[in-house]
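Participant: Kindly return the folded structure for what I paste below:
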Amino acid sequence: MKRSRSVGASSPLNGIGKQDGDSRRKRKVAEISQALNVTPVDVAALRRMAISEGGLLTDEIRCKVWPRLLNVPTDTLPEKPGMPDKQREDLQEELIDIILRVLGRNTQLHYYQGYHDIVVTFLLVLDERLATALVEKLSTHHLRDFMDPTMDNTKHILNYLMPIIERINPEVHDFMQQAEVGTIFALSWLITWFGHVLSDFRHVVRLYDFFLACHPLMPIYFAAVIVLYREDEVLDCECDMASVHHLLSQIPQDLPYETLISRAGDLFVQFPPSELAREAAQQYSQQTAASTFKDFDLVSEQQRPDSVLRRRLREKQALEGAAAGAMVATAQPTVARRFVRLAVMGLTVALGAAALTLVNTALEWVPKLDLHLFP
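Facilitator: Here you go, the predicted structure:
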């Protein structure tokens, strides 16, 4: 089923005229600047800007805001330790250096396949020193459970997916349970923050804006709204593990990202992790062995560091070289119908109520950032 391609996620022009969009963009840039220039920095306002439509707009702004969202001071970053003062031959060396530094300074962390996708994203947005600092903070907090010696905590986080789906669409939940598809199709989504499966760099950094501004479990809520958005495709699929797994693991590239981001925020407010924890724990014994799926093993040519870097670099270069101008989305009627069940909640991040809850929730854990869910 083909859908009209929506406006790029980093564009604030979705569904509005260019002049109005330019005005909103300028206003948002001014609000971000104001939040950065007050003392102390208004982190809550920056989180609202990162969550709201269009996210942080540009990589230049992200360089200033991402460190604030992670509470990383930028004025005391150390010089490159023990690195020769010479021109790098290519970004691949920087990528490997960042990973080695982070793992070398944090011996409790274990590399996992897919980690490169996250590191590359930060490296392409930030300079090497700043990227190293942010990746280290991210690795010891948001990504901490993925970097254990075993996949137990990662699988537990995946177990939040089905309870979310069940609350919104029991029919889809029951269909997936009957097909015994499990949740492994969403593994690469979760552990790379969708960087491995999205081909447009704009969409990747837009999601990073959102995830950095929210609770660390927000990616699993976003995974849930993707499945819910595709409810017609799921229910039209053959009800067997192979068919449903194949369908869901092939993520569409033309998703309405701003709508899905808003819905994910709504779901988090409506069904916080504390409410889902018991059901998530019960899901553990029902999971199909992860080793039975080929896509569980991300060790492939696409996951080699040089391949990941080249892919992301090509995407960014293509984006920078593309003609300027906004595409006007032409939504099909079926899109609205897919979200009828979600709309009845009456929540919208864009209007601010849910956004405020998300920001407050994020600020509760940001000062300590002790996010290792299960010791």
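
Participant: Now Thr192. Nearest residue, chain neighbours left out?
Facilitator: The shortest distance from Thr192 to any non-neighbouring residue, by C-beta to C-beta, 6 or more residues apart in numbering, is to Asp117 (4.0 Å). C-beta: built from backbone N, CA, C; applies to glycine.

Participant: which stretch of helix or strand covers the one you found?
Facilitator: helix 115-125 (DSSP states H and E).

Participant: what do you get for Arg24?
Facilitator: Secondary structure (DSSP H and E) places Arg24 in helix 18-37.

Participant: Correct me if wrong: Ile251 contacts Ser188.
Facilitator: No: in this structure Ile251 lies outside contact range of Ser188 using C-beta atoms under 8 Å: 9.2 Å.

Participant: Now do the end-to-end distance for stretch 49-66.
Facilitator: 12 Å (C-alpha to C-alpha, to the nearest Å).

Participant: tell me the mean pLDDT over that stretch?
Facilitator: Here stretch 49-66 scores 96 as its mean pLDDT.

Participant: Give me the contact list for the helix holding Asp117.
Facilitator: 59, 62-63, 66, 91, 94-95, 98-99, 131, 134-135, 138, 143, 146-147, 191-193, 195-196, 201, 204-205, 208, 303, 305, 308-309, 312-313, 316 (C-beta atoms under 8 Å, 6 or more residues apart in numbering).

Participant: hang on, the earlier thing: give me the local confidence score for the residue nearest to Thr192.
Facilitator: Reading off the model, Asp117 has pLDDT 93.

Participant: cool, and Lys80?
Facilitator: Predicted confidence (pLDDT) for Lys80: 53.

Participant: same deal with Pro73?
Facilitator: pLDDT at Pro73 comes out at 89.

Participant: cool, Ala318 as well?
Facilitator: 72.

Participant: roughly how far apart are it and Val125?
Facilitator: 16 Å (C-beta to C-beta, to the nearest Å).

Participant: Just to check, Arg230 is in contact with Leu248?
Facilitator: Yes: using C-beta under 8 Å, Arg230 and Leu248 qualify as a contacting pair, with a distance of 7.5 Å.

Participant: State the distance from Leu248 to Asp240.
Facilitator: Distance from Leu248 to Asp240, by C-beta to C-beta: 13 Å.

Participant: In terms of neighbours, single out the busier of those two.
Facilitator: Leu248 (22 against 13; other C-beta atoms under 10 Å).

Participant: Sticking with the more buried one, tell me its helix or strand.
Facilitator: Using DSSP H and E, Leu248 falls in helix 241-249.

Participant: For that helix, which outside residues touch it?
Facilitator: 175-176, 179-182, 184-186, 227, 230, 233-234, 237-238, 288, 293, 295.

Participant: Mark which of these are buried, thanks.
Facilitator: 175-176, 179, 181-182, 184-186, 227, 230, 234, 237, 293 (16 or more other C-beta atoms under 10 Å).
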